[in-house]
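> Sequence below, structure please.
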Amino acid sequence: MAKKKIKRKKGTIQDYIEAILFAFVVAMVIRNYTIQTFKIPSSSMEKTLLIGDYLIGNKLKYFFTDPKREDIVTFYMPTDTIEPQPRDNYARILGPIYINKNSWKIVWHQKKMIVKRVVGMPGDKIEVKNKQVYINDKPFNVPEAEFIDSRIIPREQGSIIWNNKWHHNKFLGSRDNFGPVVVPDSLYFMMGDDRDVSYDSRFWGFLDRKSITGTPAIIYFSHGDPALGSFMEFVRKERGYRPKQELRLKRMFKIIR
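Numbering: from 1, shown residues only. Below is the predicted model of the structure:
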């Protein structure tokens, strides 16, 4: 008489583990290839994007096309380190997950997500004169750009020095009088809409096409500091002042253009 095969039932723990692993894989696929969520941390894109805007980003757009001038794009901060520092203190577990070998704490380390506007395309000559941006010697303006500092910093009083693969130890002027520089192939020149407080390509150089992750699509929640009304407010915040935060219902579900 043939023996009946006995089907073994999976244990509850195994079910949980398989469900967690499946959810993790699905979440990673969605995060890496379709959408991303993040929060605006600074005033550099005001008043297009405010501190405390929570965004859903579209990661598919630039799979099929390249960024165009005036596009708002998301990217990883070029000056951030790829791995936690000092590197010898950390062991990599998986992807951006590390463990501190001294404290045994789990650390998630990834470059900061940044949002800026594309100003310079490959081959463009970029120059700033008295806050006015010039592209290929012609004035360039976007209606979203704003200036909250009445001062104009002369070129000779600036302190912008590029020390990277494009310009080694080269003085390029000030925030308000910068350049000229020519954008190499496959690179872009980025600027924030709030030009007086934006840490952008004027300071850290060109952005590699490979670093661009997508474009912000919609604001799904907004709670944070009021928009800057003056440069003095920015200075006070840099010194530690924290204004009363506000819930911005009118910004929720706003499509970013």
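> so where is the protein shaky, pLDDT-wise?
1-11, 14-35 (pLDDT under 70).
> mind checking the longest strand of it?
strand 212-224 (DSSP state E).
> From P180, how far out is the residue nearest to K170 when sequence neighbours are not counted?
Sequence neighbours aside, W162 is the residue nearest to K170 in space, at 5.1 Å (criterion: C-beta to C-beta, 6 or more residues apart in numbering). C-beta coordinates here come from the backbone N, C-alpha and C atoms, glycine included. From W162 across to P180, the span is 13 Å (C-beta to C-beta, to the nearest Å).
> what about those two, which has more around it?
Neighbour count, other C-beta atoms under 10 Å: between W162 and P180, W162 has more, with 19 against 15.
> Could you tell me which residues within the longest strand of the chain count as buried?
Within strand 212-224, the residues that count as buried by 16 or more other C-beta atoms under 10 Å are 212-217, 219, 221-224.
> for this structure, what spans make up the helices?
Under the criterion DSSP state H, the chain contains helices at 12-33, 61-64, 201-204, 231-238.
> got a list of what Y98 touches?
83-84, 90-92, 106-109 (C-beta atoms under 8 Å, 6 or more residues apart in numbering).
> Bridging across strands, which residues link to it?
R92, V107 (DSSP bridges).
> and the gap between the residue lying closest to L50 once chain neighbours are set aside and R236?
Distances taken as C-beta to C-beta, 6+ apart place A227 nearest to L50, at 5.7 Å, with adjacent residues excluded. From A227 over to R236 the distance is 14 Å, taken as C-beta to C-beta.
> what does D137 give?
38 Å.
> okay, those two: which has more neighbours?
Between D137 and R236, R236 has the larger neighbour count (other C-beta under 10 Å), namely 14 against 8.
> ok so, going back, so of the contacts of Y98, which two are at opposite extremes in space?
Between any two of these, the greatest separation by C-beta to C-beta is 14.8 Å, found for E83 and I106.
> Now do the same contact list for the closest residue in space to Q110 that isn't next to it in sequence.
The spatial neighbour of Q110 that comes closest, neighbours along the chain excluded (C-beta to C-beta, 6+ apart), is P96 at 4.4 Å. Counting by C-beta under 8 Å, 6+ apart, P96 touches 108-110.
> which of the contacts of Y98 are buried?
84, 90, 109.
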